[in-house]
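Undergrad: Generate coordinates for the sequence data below:
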Amino acid sequence: MVNLVSANWENKPSESVQENQMIAAIDIGTNSLHIIVVKIEATLPSFTIIAREKETVRLGDRNLITGELKPEVMMKAIACLGRFKTLADSLGTNSIVAVATSAVRESPNGQEFLQQIETEVGLSVDLISGPEEARRIYLGVLSGMEFNNKPHIIIDIGGGSTELILGDSEEPRSLTSTKIGAVRLTGELIASDPISETEFKYLQAYARGMLERSVEEVQGKLKIGDSPQLIGTSGTIETIATIHAREKLGLVPSTLNGYQFSLQDLRTWVNRLRKMTNVERATVPGMPEKRSEVILSGAVILQEAMTLLGVQSVTVCERSLREGVIVDWMLTHGFIDNRLRFQSSIRERSVLKTAKKYQTNLEHSERVTAFALNIFDQTKGQLHYWSADQRQLLWAAAILHNSGHYISHSAHHKHSYYLIRNGELLGYNETEIEIIANIARYHRKSPPKKKHESYRNLLHKEHRTMVNQLSAILRLAVALDRRQIGAISHVQCEYVPNFKEFKMLIFPSLIDDECALEMWSLDYKKGVFEEEFGLKFVAILANSNTPLS
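TA: Modelled structure (predicted):
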């Protein structure tokens, strides 16, 4: 019978790695661009930060009419990324992992900007969703603080979004992302300097209203008796902590990690800051350059979140998204096998959770998946040269290919694309989700065509080729379980290059089953496979005496 282990890929690193690698993580945020370069210490496992840089670029300062990133801001960002890449290269990094968040995510020309970065800087950037950003922030915080399995709420106030996360040292119980940030609210809600009473009241009300849903979700996941600690990350919270420490202690601690300040102290500073002009805020001891322009909005977001959560103090953590990107890389490449290891299966669990949500017939999906991966493995190096990373994307698409039935049987392949594309799968960047959704989209009916909007969303030729070939494999896998009863035990493939012929020997589960519907379905679906790989497909039903060639 077919082996229905759903994720063999999960137990292996995606590629061979060496110990003590140098890795760089770049965070393209709404307010600032950051880079950290770290040395991976595989035997511990941990990492040591070798270098870090930051530049305030304000990608969130977008065109108010179109919502697009401004050309001059994009040029500034690209120049900054060029310097970051030069730094990383000069330190001998083995890999650079770059992510972009809300400003790029929400801009109509965001993808165009990422293409421009790749062309001009030679840097590939992963665009990540709000919940995925929250998950990686969680990993970053876990790498820097010990919670002893007690519940904690993490708040990260960025330039364009605020993430609220509820966790307990292992599984994040809630990952939320809200479209309010220090840069966004300053640009949209503050026109006077200093802020007027009317604007200030509206700023408070707007922040509170936008946060309510996330706070309710977090509170809904708390268990009886839980008394969670609030952990704060990001420039806004570190700035407030620095200002607070200068006033209370007369100095700034060598590290802000673990530094606390109260809601009452925060309210005092909000009242002070609201009465100051930008110029006056810039002179406050501990205020970083350019932070004065957006600090009031960030402080109000924190104040309203703490008020809604009913917490009286916040503890600073200096690790966040950038460190989370590093931890995620370490998990993906098999370096971590401790309390964080649970997070390494996040892709598998997220896909299976989505399949359950849309009431997918998982037994059928797992059979199809096993066939698809088996064909992938038997044809690797002959018909295709995709790696374990692409094999994993095929796994996810095969598990979810029929999820569109949740909406309707008619055109369910198109519905599958929509549900996958908008399902916020964790552990994947936006490009990977687009690829998974397209592979599932083309498991039946028309092959990929340039006129299809979903296919046009794939901006790279390599990604289109990937979808073309993997969806062709998925079509055959679907045909092999046409009756959804496990009629076929396994298949054996052989490619005869001299004759451009691909033979598939079909082994029925029951010796007297002619598998007529499966054989018909293979014959019906083989055309796309034949055209994609430029060969003739021959299916042969095996019996005890049938040789493959």
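
Undergrad: So I154 belongs to a strand, correct?
TA: Yes: if the criterion is DSSP: H, G, I helix; E, B strand; the rest coil, then I154 is within a strand.

Undergrad: Quickly list what the residue nearest to it when sequence neighbours are not counted is bridged to.
TA: With Cβ to Cβ, 6 or more residues apart in numbering as the criterion, I154 has its nearest non-adjacent residue at 4.2 Å, and that residue is I165. Any C-beta I mention is one placed from the backbone N, CA and C, and that applies to glycine too. Counting by DSSP bridges, I165 is bridged to I154, L175.

Undergrad: From here on, call the first residue 581.
TA: With the count now opening at 581, the last piece we talked about shows up as I745.

Undergrad: Who are the contact partners of I745?
TA: 714-715, 717-718, 733-736, 752, 754-756, 798 (Cβ atoms under 8 Å, 6 or more residues apart in numbering).

Undergrad: how near is T681 to P651?
TA: In this structure, T681 and P651 are 20 Å apart, going by Cβ to Cβ, to the nearest Å.

Undergrad: Looking only at neighbour counts, state which of those two leads.
TA: More crowded of T681 and P651, by other Cβ atoms under 10 Å: T681, with 28 against 11.

Undergrad: Show the contacting residues for that one.
TA: Applying Cβ under 8 Å, 6+ apart, one finds that T681 lies in contact with 607-610, 708, 713, 738, 740-741, 901.

Undergrad: hmm, try it at 7 Å
TA: In this structure, T681 makes contact with 608-610, 708, 713, 738, 740-741, judged by Cβ atoms under 7 Å, 6 or more residues apart in numbering.

Undergrad: What separation is there between V705 and K619?
TA: The separation that V705 has from K619, given Cβ to Cβ, amounts to 23 Å.

Undergrad: Neighbour count for the two, which is higher?
TA: Between V705 and K619, V705 has the larger neighbour count (other Cβ under 10 Å), namely 22 against 16.

Undergrad: Could you pull up the residues touching that one?
TA: Taking Cβ under 7 Å, 6+ apart as the definition, contacts of V705 comprise 608, 678-680, 694, 697.

Undergrad: and if we set it to 10 Å?
TA: 606, 608, 661, 676-680, 684, 693-695, 697-698, 1009, 1011 (Cβ atoms under 10 Å, 6 or more residues apart in numbering).

Undergrad: out of those residues, which one sits closest to I820?
TA: Sorting the contacts of V705 by distance to I820 puts I608 at the head of the list, at 23.9 Å, by Cβ to Cβ.

Undergrad: Which residue is the nearest non-sequential neighbour of L639?
TA: Spatially, and ignoring its direct neighbours in sequence, L639 is nearest to A683 (4.0 Å; Cβ to Cβ, 6+ apart).

Undergrad: Surely the one you found touches G738?
TA: Yes: A683 is within contact range of G738, at 9.1 Å (criterion: Cβ atoms under 10 Å).

Undergrad: which residues of the protein score low on pLDDT?
TA: 581-599, 624, 917-924, 1124-1129 (pLDDT under 70).

Undergrad: before we move on, the earlier item: closest one to M790 out of the contacts of I745, please.
TA: Looking across those and measuring by Cβ to Cβ, the closest to M790 is T756, at 11.2 Å.
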